[in-house]
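Colleague: Structure here, sequence nowhere to be found:
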């Protein structure tokens, strides 16, 4: 049987085996429409419909792409072309995926730096009184 690719599926990102196994883990853990291998959105009430995202190595489901995939930032970046936009944290030097173009710190260091800046601002404010 010859595999037919339509224009809609030709533009979708293809996954490697490692990425596909990570996607399956996300499906089982976080996907709200997943029920023991079946898709609740495609269920017509008569026959269970297998989840197409679980059996295909392309990103077919729009709900999965928009709601579930962003929870794994690294995988999201690899699959949707954001992998080259990693930055180094200014404090610890670790690589991270920035949420905006102004991000300087990874998530761990961002909280610490925010608290440090608040302490410094309050200290200056109290010294001026």
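Modeller: Done, it's in. Predicted, not measured: the structure shown is a model, and the values here were computed from it.

Colleague: need the strands for the chain, in chain order.
Modeller: Using DSSP state E, the strands of the chain run over 34-35, 38-39, 87-88, 95-96.

Colleague: Mind listing residues that contact the first one?
Modeller: Residues external to strand 34-35 that are found in contact with it (CB atoms under 8 Å, 6 or more residues apart in numbering): 27, 28, 40, 51, 54. Heads up, the C-betas are built off the backbone N, CA and C, glycines and all.

Colleague: again, but for stretch 113-121
Modeller: Under the criterion CB under 8 Å, 6+ apart, residues 91, 105 lie in contact with stretch 113-121.

Colleague: Now do it: distance to the chain's middle.
Modeller: On the basis of CA atoms, centre = their mean, to the nearest Å, stretch 113-121 sits 29 Å off its chain's mean C-alpha point.

Colleague: ok, now stretch 26-40?
Modeller: Worked out by CA atoms, centre = their mean, stretch 26-40 lies 16 Å from the chain centre.

Colleague: Now the terminal residues of that stretch, how far apart.
Modeller: Stretch 26-40 has an end-to-end distance of 16 Å (criterion: CA to CA, to the nearest Å).

Colleague: Need the single longest helix in the protein, by residues.
Modeller: When the chain is parsed with DSSP state H, its longest helix is helix 107-127.

Colleague: Count the residues that sit near the closest residue to residue 28 other than its chain neighbours.
Modeller: In this structure, residue 28 finds its nearest non-sequential neighbour in residue 34, 6.6 Å apart by CB to CB, 6 or more residues apart in numbering. Residue 34: 20 surrounding residues under other CB atoms under 10 Å.
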